[in-house]
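Visitor: Sequence first, then the predicted structure:
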Amino acid sequence: MKIIIVDDDSLILKSLELMLSKEDDIEVIGTAQNGQQAFDLCENKQPHVVLMDIRMPEVDGIQATRLIKKKYPHIKIMMLTTFQDKQNIQLALQAGAEGYLLKTDKISSIAEKLRIISSGVAVLDTEVLNKLTSTEIPNIEKLTPREKEIFELVSQGLTNREISQQLFLSEGTVRNVVSVIIEKMEVKNRTQLSLMARS
């Protein structure tokens, strides 16, 4: 099985390459430190599986997964990350990833799961599966009643101006509250916040 490893942490990259190269049936044919490099490697080397980090400079792992799966749907992608929040898991799977593992997994376990995903079976870490099937919306209890109200309106696709008009607040106030909500909900931006609210 030919694999590419993608991670912006050179130490993790080298460790994974070293350990996985010891497996008889796994050949590491390339490494990359961002999503664009991963896409370029896929074009040139056509791996069976890409082991993909999420947070990376330039093009992150979710964007890269989307690009790779669009052009090379036969290439399997296994996310390997420290992020186990529902939002990142959903975004990765929506982008086309067939697997989602955590970096706390043992290397021997990762190798076995790469074999499984290569055979066409989806693989999710147990913690990831629990998170994905949980109906709880994380951190929502941290929101004040006003923030929950605005969170609900964001989920309906309203702009700051529309929310301000509906709640009789200034647009600047709504913008500030949305920033606070984004921070409390531990997402990167309004788009992710909206997706979380709809989940």
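Guide: Great, that's in hand.
Visitor: got the buried residues for the helix ranked longest in the chain?
Guide: Secondary structure of the chain read by DSSP state H shows that its longest helix is helix 171-185. The neighbour-count check on helix 171-185 (16 or more other Cβ atoms under 10 Å) flags 174, 177, 178, 181, 182, 184, 185 as buried. For glycine as for every other residue, the C-beta is placed from the backbone atoms N, C-alpha and C.
Visitor: got it, and stretch 25-45?
Guide: 26, 28-39, 41-42.
Visitor: how distant is that stretch from the center of its chain?
Guide: 18 Å (Cα atoms, centre = their mean, to the nearest Å).
Visitor: Narrow the buried residues of stretch 25-45 to those in helices?
Guide: 35, 36, 37, 38, 39, 41, 42.
Visitor: Assess the claim that residue 175 and residue 159 are in contact.
Guide: No. At 10.3 Å, residue 175 does not count as touching residue 159 under the criterion of Cβ atoms under 8 Å.
Visitor: Low-confidence ranges, the protein, go.
Guide: 134-138, 197-199 (pLDDT under 70).
Visitor: Spell out which residues make up each domain of it.
Guide: Residue ranges for the domains of the chain, per the TED database: 2-133, 140-197.
Visitor: and those domains, which is most packed in?
Guide: Mean neighbour count (mean count of other Cβ atoms under 10 Å) peaks for domain 2-133 among the domains of the chain, with a mean of 18.
Visitor: and that one, how far out from the chain's middle?
Guide: In this view, domain 2-133 has its centroid 10 Å away from the chain centroid, taken as Cα atoms, centre = their mean.
Visitor: how long is that domain end to end?
Guide: This stretch, domain 2-133, spans 32 Å end to end (Cα to Cα, to the nearest Å).
Visitor: same check, this time on stretch 79-88
Guide: Stretch 79-88: ends 10 Å apart by Cα to Cα.
Visitor: Could I get the phi/psi values of residue 78?
Guide: Backbone geometry at residue 78, expressed as degrees, to the nearest 10, gives phi -110, psi 120.
Visitor: can you check the one 5 residues further on too?
Guide: Reported as degrees, to the nearest 10, the phi and psi values for residue 83 are phi -80, psi 120.
Visitor: Many thanks, we can stop here.
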